[in-house]
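Chemist: need a structure here:
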Amino acid sequence: MDTTRKARRWWLIAATLSIVAWFLGAYLSPVSNLWVWLNLLTPAGHPHLTVLPLAYPAVGIDGHTLTSLFGLVLVIGAATRWISYLELFNPPTETVEGTAAPSPNLPLPPRP
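Modeler: Prediction:
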């Protein structure tokens, strides 16, 4: 593993992709219904801060939507960052096999 290579910011990529998926899903009727059910969009006929242009059910965004979306992106970013830390502490097996000395299979000592 080359330690001089710049590490990609996977948490930022995952957070950006989740925002893009949310925005594109707002324009698909079945997905926008799911987003309304998950409180990630405000349904038509309810007060909005803004309405998404050209969305067929006239869904929009309000304060609850922004808070839910921020929390979702925060959880996705944190989970992705945690997974990247796990990869740092668990190197691939081919690098471990070349550096580690084989350990003999000895029986465990008896318990006192």
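Chemist: Need the residue closest to the centroid of this structure.
Modeler: Computing the C-alpha centroid of the chain and ranking residues by C-alpha atoms, centre = their mean puts Ile76 first, at 2.8 Å.
Chemist: Any regions of this structure where pLDDT drops low?
Modeler: Applying pLDDT under 70 to the chain flags residues 1-7, 87-88, 90-104.
Chemist: repeat that with 50
Modeler: Along the chain, segments meeting pLDDT under 50 span 1-4.
Chemist: What is the top helix by length along it packed up against?
Modeler: When every helix of the chain is counted residue by residue (DSSP state H), the longest turns out to be helix 63-89. With contacts taken as 3 or more C-beta pairs under 8 Å, 6 or more residues apart in numbering; DSSP states H and E, helix 63-89 sits against helix 10-25. In short, each C-beta sits where N, CA and C put it, glycine included.
Chemist: Can you tell me what sits against the helix it packs on?
Modeler: Residues from elsewhere that reach helix 10-25 (C-beta atoms under 8 Å, 6 or more residues apart in numbering): 31-32, 34-35, 40, 69, 72-73, 76-78, 80-81, 83-84.
Chemist: Compute the inter-axis angle for that helix and helix 63-89.
Modeler: Between helix 10-25 and helix 63-89, the angle comes out at 140 degrees (axes from the mean of the first three to the mean of the last three C-alpha atoms, to 10 degrees).
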